[in-house]
Structures are given as structure tokens and as C-alpha cells.
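Quick one: sequence and predicted model below, then my questions.
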Amino acid sequence: MIESSPGREEEAGFVVRGRVQGVGFRWWTHREAERLGIIGTVRNLDDGKVEVMARGTADALGRLEQALRRGPSMSRVDGIERVPCELPPGLAEFRIGRG
């Protein structure tokens, strides 16, 4: 396991599956990310999943992952896969993507 320092920023990607499209999941994720001080993107995938790419402290990313496992009230999260993530260097906010 890689050790991370508390204040150092890291990147993490998440693919969320379940009933996560058409239930406000992207907007809810945007609010959670902003609350946690995370920048990145969230978008729907063609296969019905939602992809989240995020940059923040290890603690903030852990909290985001926990939140994604719950999801908004109208969603049903069946699982989350942590995937490699590479955000563009100039990204300075959390964006909702099309898809």
C-alpha cells in the first residue's frame, strides 16, 4: 500500500454502478465534491454507470468514496470500482460532464 501524506493532493477515479442515471447522481456528486474541496469531473457512461474523476487530499477522496457508496436518496449503488485517473493539469473546479 502506498503511504500518502495528509495534505498532499492525489487523484482517484471511480466507476459507480447501479441505479445511478436519471436520479440526480451527477448533481449530487458535484455538491459532495465541492463540499469536500475536490476538483474533477463526473459523467454518465453509455453502459448506465457513472464515472467520477477526482483530485483532492487522501482524506477528502476517502470521504467522497464513502459518499458515492451511499449516493442520493433516489439512487441505488450496487458497487464502485476504483480506476486510474489522470485529470488535465489546469482543471480548477468540479465539472459535470455530458454523457
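Cool, the structure landed.

residues contacting the residue nearest to residue 72 when sequence neighbours are not counted?
Among residues not flanking residue 72 along the chain, residue 28 sits closest, at 4.0 Å (Cβ to Cβ, 6 or more residues apart in numbering). Placement of C-beta: from N, CA and C, glycine included. By Cβ atoms under 8 Å, 6 or more residues apart in numbering, residue 28 lies in contact with 71, 72, 75.

Out of those residues, the closest to residue 55 would be?
Distances from residue 55 to those, taken as Cβ to Cβ, are shortest for residue 71 (21.0 Å).

Could you give the number of residues near the closest one?
22 (other Cβ atoms under 10 Å).

hang on, isn't it packed against residue 25?
Yes - under the criterion of Cβ atoms under 8 Å, residue 71 makes contact with residue 25 at 6.2 Å.

Identify the contacts common to the two.
residue 16.

tell me the SS of residue 92?
coil (DSSP: H, G, I helix; E, B strand; the rest coil).

Check which element follows the longest strand belonging to the chain along the chain.
If you go by DSSP state E, the chain has its longest strand at strand 9-19. Where DSSP states H and E defines the elements, the next helix or strand beyond strand 9-19 is helix 25-36.

State the mean pLDDT of that next one.
What helix 25-36 shows for mean pLDDT is 98.

buried sites along it?
For helix 25-36, the neighbour count (16 or more other Cβ atoms under 10 Å) marks 25, 26, 28, 29, 30, 32, 33, 36 as buried.

Output it as PDB, nothing but the C-alphas.
Output of helix 25-36 as PDB, limited to C-alpha atoms (Å, rounded to 0.1, in the frame of the first residue of the first chain):
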ATOM      1  CA  PHE A  25     -26.400  11.400  -9.200                       C
ATOM      2  CA  ARG A  26     -24.200  13.800 -11.100                       C
ATOM      3  CA  TRP A  27     -25.500  16.900  -9.500                       C
ATOM      4  CA  TRP A  28     -25.400  15.300  -6.100                       C
ATOM      5  CA  THR A  29     -21.800  14.200  -6.700                       C
ATOM      6  CA  HIS A  30     -20.900  17.800  -7.700                       C
ATOM      7  CA  ARG A  31     -22.300  19.100  -4.400                       C
ATOM      8  CA  GLU A  32     -20.400  16.500  -2.400                       C
ATOM      9  CA  ALA A  33     -17.200  17.200  -4.200                       C
ATOM     10  CA  GLU A  34     -17.400  20.900  -3.700                       C
ATOM     11  CA  ARG A  35     -18.200  20.400   0.000                       C
ATOM     12  CA  LEU A  36     -15.100  18.300   0.300                       C
END
